[in-house]
Every structure is written in C-alpha cells, then in structure tokens.
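Chemist: quick one, fold the following:
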Amino acid sequence: MAKAKISVNGYGTIGKRVADAVRAQDDMEIIGISKTKPNYEAAVAHQLGYNIYAPAENVEAFEKAGMPAAGSIEEMLEKSDLVVDCTPGGIGEKNKPMYEKVGIKAIWQGGESHTISGFSFNAESNYEQAVGRDLARVVSCNTTALCRAISTIDRELGVNKVRVSLARRAVDPNDIKKGPVNAIVLNPVKLPSHHGPDVRSVLPHINITTAATKVPTTLMHVHTVNMEVNKDCTAEDIRNIFGSQSRIRLIGQGITSTAEIIEFARDIGRPRHDMWELCIWPESITVTERELYFFQAIHQESIVVPENVDAIRAMMELESDGAKSIEKTNKAIGLYNK
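Modeler: Numbering: from 1, shown residues only. Model (predicted):
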C-alpha cells in the first residue's frame with residue numbers, strides 16, 4: 001500500500017510534534033512543513049531534514065538564512081494527499097480557501113470552531129465516523145482529555161451528567177508575550193465555559209457543564225471532574241476501567257503535582273517531556289451513590305498529537321478500526337504505559 005502523503009502547515013508547538021509523529025508511522029510520509037519566517041524552529045526543522053515550504057513572498061528570506069525553502073506552501077499542498085493545519089487559532093480558517101482550491105483533505109486543531117469542518121474528532125469516541133472524510137477538526141487539549149475520560153466511562157457504565165472545573169495553564173512554556181504572572185483569571189467570567197459545548201461536538205448526548213480559570217503556570221491543565229453514572233460501581237471499578245485504556249495513565253508513586261508529572265516524563269525519556277496520555281490520580285477517585293469524582297492533568301503541548309495521526313489514518317482510509325489505529329500510532333511513537 002502506498003504511503004499517505006502528508007504536509008504540516010505550521011511548525012510550532014503542535015506542528016513540530018505532529019510532524020515527528022507522522023514521520024514515525026510506516027503508512028505515512030511527510031512531504032514538508034511550513035514556516036512563515038526563518039527562525040530557530042525553521043532551523044531545527046532544516047537540521048532534522050524536513051522540506052521547508054514558505055509563503056511565496058518569503059522564499060528568498062529562507063535562502064538568505066541558509067535554509068533554502070523547497071517551494072511555496074501551495075506547492076507543498078499540491079504534492080500532498082492531506083494537510084494538517086497547525087497554525088494559530090483563527091489562521092486555519094483563513095487557510096481553508098487555499099485547501100479547497102487545491103482540493104486536498106484537511107485537519108484543523110481545536111483553536112478553530114467546529115463549523116470549519118462540520119466534524120470534530122476524538123479517536124476513542126468517534127474514529128469510525130471519520131473514515132473517508134475530507135475535513136475534520138481535532139478537538140483541543142482540554143476537550144480531548146474530557147472526551148477520553150467520559151467516553152471510557154460511558155461505554156461501561158453510562159454517563160448521566162458531567163460537571164467539570166478546569167484550571168488551565170496560562171501559556172505554553174515558550175510563550176513570553178502573555179500572562180498572567182501573579183493572578184488567577186476567570187476564563188470566562190460568564191458561565192459556563194466553552195468546553196462543555198466542545199465536548200458535545202464529539203459526544204452530543206452528554207449532559208456537561210464546565211467552568212474554567214487560568215492559573216500562572218505553563219506546564220499542564222488540571223481538571224476536577226464530577227460524573228454521574230447510570231450503574232452502581234466502586235472506586236476500584238473506575239480505576240480498573242481507566243487503567244485498561246492505553247491513552248489514560250494512572251499517576252501514582254507519590255506524584256501530587258503537574259511539575260512531578262513533567263519530571264516523570266523526562267525521566268522515562270519522552271521527547272520534549274511529552275505526556276500523550278491523560279493523567280488521572282487513582283487516589284483521587286471517589287464514588288458516592290453513582291457519583292464519581294477525580295482529578296486529571298493534561299499536557300497541553302502533546303495530548304492531541306496521537307489524535308492527529310489517527311485522524312489522518314481514518315480520513316485516508318488506511319485503517320477502518322479505531323482500536324487498531326490507536327495501537328499502531330502508540331507503538332510507532334513509543335506510547336507505552338502498562
């Protein structure tokens with residue numbers, strides 16, 4: 001079978017991780033990545049052997065910087081079967097006419113709205129519905145985490161309603177332009193937050209309400225989850241259900257903070273200290289009369305990366321079975337947590 005030809009438009013926090021993950025697959029190949037200017041990220045991409053494409057008006061700047069562009073972004077798209085748009089939120093929507101003109105399949109990230117593709121993706125929740133689609137949106141880091149947890153419990157016990165309080169990291173570690181530095185920001189002040197409707201774009205039957213704040217950290221998000229289920233269960237039942245999932249990691253061994261999770265990721269040799277799994281503290285899992293409570297942590301820079309790979313595989317019809325794609329993706333990138 002011929003490999004799917006994939007381009008990554010935008011080589012920032014998510015794009016560089018997606019490019020590396022796609023490169024690791026044996027049924028896909030990277031045609032190229034795009035950068036708008038020859039900065040340090042472009043220099044690293046050049047050193048790693050990626051073909052760099054740039055806006056036509058900036059191609060000469062890359063030549064002068066010693067990292068010749070392979071061509072324009074449009075030329076990259078014309079050589080590809082599918083593009084993964086990893087540009088900042090709002091830019092992806094502006095890119096859509098370019099993709100339509102070329103006639104290429106496209107994946108966007110959670111910074112864009114559901115309407116950009118009419119289909120929002122989470123591998124554990126709706127992989128089969130993505131098979132053969134031309135357009136899809138991989139939901140955000142927070143929504144990916146919530147979908148993983150909710151769909152896992154819903155399959156086993158049925159979920160009646162979900163209430164979540166999100167403590168969101170303020171910015172990514174490399175962002176020096178934003179804050180807060182010394183504040184907790186209501187995000188938004190008006191309740192509920194957008195995360196509930198975003199979950200319903202994947203799991204429309206779920207009754208979910210969310211509230212969110214931004215806190216002065218760059219490492220991870222933390223959710224306090226309350227879930228009402230339809231069957232009797234124990235905390236041990238919930239631990240066993242979560243523990244059976246490859247993309248959910250039960251965090252123990254005295255870890256009580258996001259800083260320790262990141263250090264753990266470094267210690268086990270994860271690239272860029274990435275934690276692709278949703279991290280749940282098993283000690284926090286409490287069940288009272290069909291209501292369960294737990295804490296979960298989300299590495300915002302990496303949790304959506306395997307989701308993008310699975311979305312590619314579904315849309316390109318390389319694999320019709322979601323569980324098989326998840327297993328294949330995990331093995332290729334080195335995601336082992338059992």
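Chemist: measure stretch 24-33 end to end?
Modeler: Stretch 24-33 has an end-to-end distance of 15 Å (criterion: Cα to Cα, to the nearest Å).
Chemist: for stretch 89-108, same thing?
Modeler: End residues of stretch 89-108 are separated by 9 Å (Cα to Cα).
Chemist: and that stretch, how far out from the chain middle?
Modeler: 18 Å (Cα atoms, centre = their mean, to the nearest Å).
Chemist: most distant residue from the centre of this protein?
Modeler: Centroid-distance maximum for the chain: K64 at 34.4 Å, with Cα atoms, centre = their mean.
Chemist: next up, phi/psi of H46, please.
Modeler: H46 adopts backbone torsions of phi -60, psi -40, taken as degrees, to the nearest 10.
Chemist: actually R137, not the one I typed
Modeler: phi -130, psi 120.
Chemist: same check, this time on N226
Modeler: N226 adopts backbone torsions of phi -120, psi 120, taken as degrees, to the nearest 10.
Chemist: show me the shaky parts of the stretch 1-150 of the chain.
Modeler: The stretch 1-150 of the chain contains residues with pLDDT under 70 at 1.
Chemist: now the strands: where do they sit in it?
Modeler: Here the stretch 1-150 of the chain has its strands, by DSSP state E, counting those that start in this stretch, at 4-9, 28-34, 52-54, 71-72, 82-85, 105-108, 120-121, 135-138.
Chemist: closest to L157 out of the ones you listed?
Modeler: Among the strands of the stretch 1-150 of the chain, strand 120-121 comes nearest to L157, with 23.6 Å by Cβ to Cβ. In this view, the C-beta of every residue, glycine as well, is placed from N, C-alpha and C.
Chemist: how far does the closest one sit from the chain's center?
Modeler: The chain centre lies 11 Å from the centre of strand 120-121; the measure is Cα atoms, centre = their mean.
Chemist: in its sheet, what does that strand sit against?
Modeler: Sheet partners assigned to strand 120-121 using DSSP bridges are listed as strand 135-138 (parallel).
Chemist: and the residue nearest in space to the middle of the chain, what does it touch?
Modeler: Among the residues of the chain, the one closest to the centroid is V304, at 1.4 Å (Cα atoms, centre = their mean). Contacts for V304 (Cβ atoms under 8 Å, 6 or more residues apart in numbering) come out as 14, 109-110, 138-141, 144.
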